[in-house]
Each structure stands twice: as structure tokens, then as C-alpha cells.
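Engineer: fold the following for me, if possible:
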Amino acid sequence: MFATSLLDRRSKPERIADQAREQMLTAINSAGDTARDTVRSAKRVATHLTDGAGNRVGPVANEAWYRATSAVDALAGRRPGLPWAWVAGAALAGAVVGWAVGTVTQAVLRRVEASRDAEQLEFIDVDPLRPPV
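Structural biologist: The predicted structure follows:
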């Protein structure tokens, strides 16, 4: 009975002001949470869009840089360098083809020699000036 609430002793305008203050704080906190969620969502979408744009623009920018550099070199009278990667690749491909042809040729020659040995041909010297016996 002695423990009465302090809120009960205040006047009606004070209680209404406190209620209004509580509702305002709740609304502000709710708006802040909503705004924070909206910002996070917008940030996620923007990041996704910029990543996609960066993935598309990167190769185009590299190609543009290459072409611009080539154009400046051409205008300056400099010749383009040899494509050493292509030269090395062609040399390697030639070596592989040469090795394959050599291996196949050796195998064919071995088979031909083996078939000749199997026949065991006998050669006879024929002297056209001597009569046959």
C-alpha cells in the first residue's frame, strides 16, 4: 500500500507527454532499423552491380589500352615486337611433329627389314660374258 507508483502521482499532461515520448523513441528506433536494413540491402545490390560491371569492363579496358599503345607506337614509327609466345609454340609443335614422323618412319623401316630377312633372298652374280653352267 505504501509502494505506489510514481507515474500514478503525475498529472495527466505529464503522463501523455511520457507516452508520446516513448512512442516517438520506438518510432525512431524502428525507422533507424528499417533505414539500416535498407542501406545494407542497397549496398549489397550496388556491390553486385559494380562487380558485374567491373567484370565486363575489365577486358574491354585492357583491349582499349593495348590498341591505344599500339596506335601510339605506330604513329611514332616503332615496329611491333615479335610474338615470341607464338614463335615458341610453333617451334614446339614442329619438334613434336618431327619426332612423331621420325618414330613412325623408324617403325616402318624395321618392318620392311624384318620382312626382307624373312624371305632370305639369295643373290646370284651373273657375268654376262660367261656362259651359264
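
Engineer: mind checking the end-to-end distance for stretch 76-85?
Structural biologist: 25 Å (Cα to Cα, to the nearest Å).

Engineer: now that stretch, how far from the centre of its chain.
Structural biologist: Centre-to-centre, stretch 76-85 and its host chain are 27 Å apart (Cα atoms, centre = their mean, to the nearest Å).

Engineer: just the buried positions in it, please.
Structural biologist: Within stretch 76-85, no residue is scored as buried using 16 or more other Cβ atoms under 10 Å. (Each C-beta comes from the backbone N, C-alpha and C, glycine too.)

Engineer: which secondary structure element of this structure has the lowest mean pLDDT?
Structural biologist: The weakest-scoring helix or strand in the chain, judged by mean pLDDT, DSSP states H and E, is helix 12-76 (a mean of 85).

Engineer: who does that helix touch, helix- and strand-wise?
Structural biologist: Using 3 or more Cβ pairs under 8 Å, 6 or more residues apart in numbering; DSSP states H and E as the contact test, no helix or strand touches helix 12-76.

Engineer: care to break the protein down by domain?
Structural biologist: The chain resolves into domains spanning 10-81, 82-126 when parsed by automatic domain parsing.

Engineer: check the gap between the residue nearest the centre of the chain and Lys43 for me.
Structural biologist: Compute the mean C-alpha point of the chain, and by Cα atoms, centre = their mean the closest residue is Asn55, 10.2 Å away. According to Cβ to Cβ, to the nearest Å, Asn55 stands 19 Å off from Lys43.

Engineer: isn't Asp73 up against Pro80?
Structural biologist: Yes - between Asp73 and Pro80 a contact is recorded at 6.8 Å, counting by Cβ atoms under 8 Å.

Engineer: any common contacting residues for those two?
Structural biologist: By Cβ atoms under 8 Å, 6 or more residues apart in numbering, Asp73 and Pro80 have no common neighbours.

Engineer: Pro13: neighbouring residues, count only.
Structural biologist: Pro13 has 8 neighbouring residues, counting by other Cβ atoms under 10 Å.

Engineer: roughly how far does it sit from Ala20?
Structural biologist: Using Cβ to Cβ, Pro13 is found at 10 Å from Ala20.
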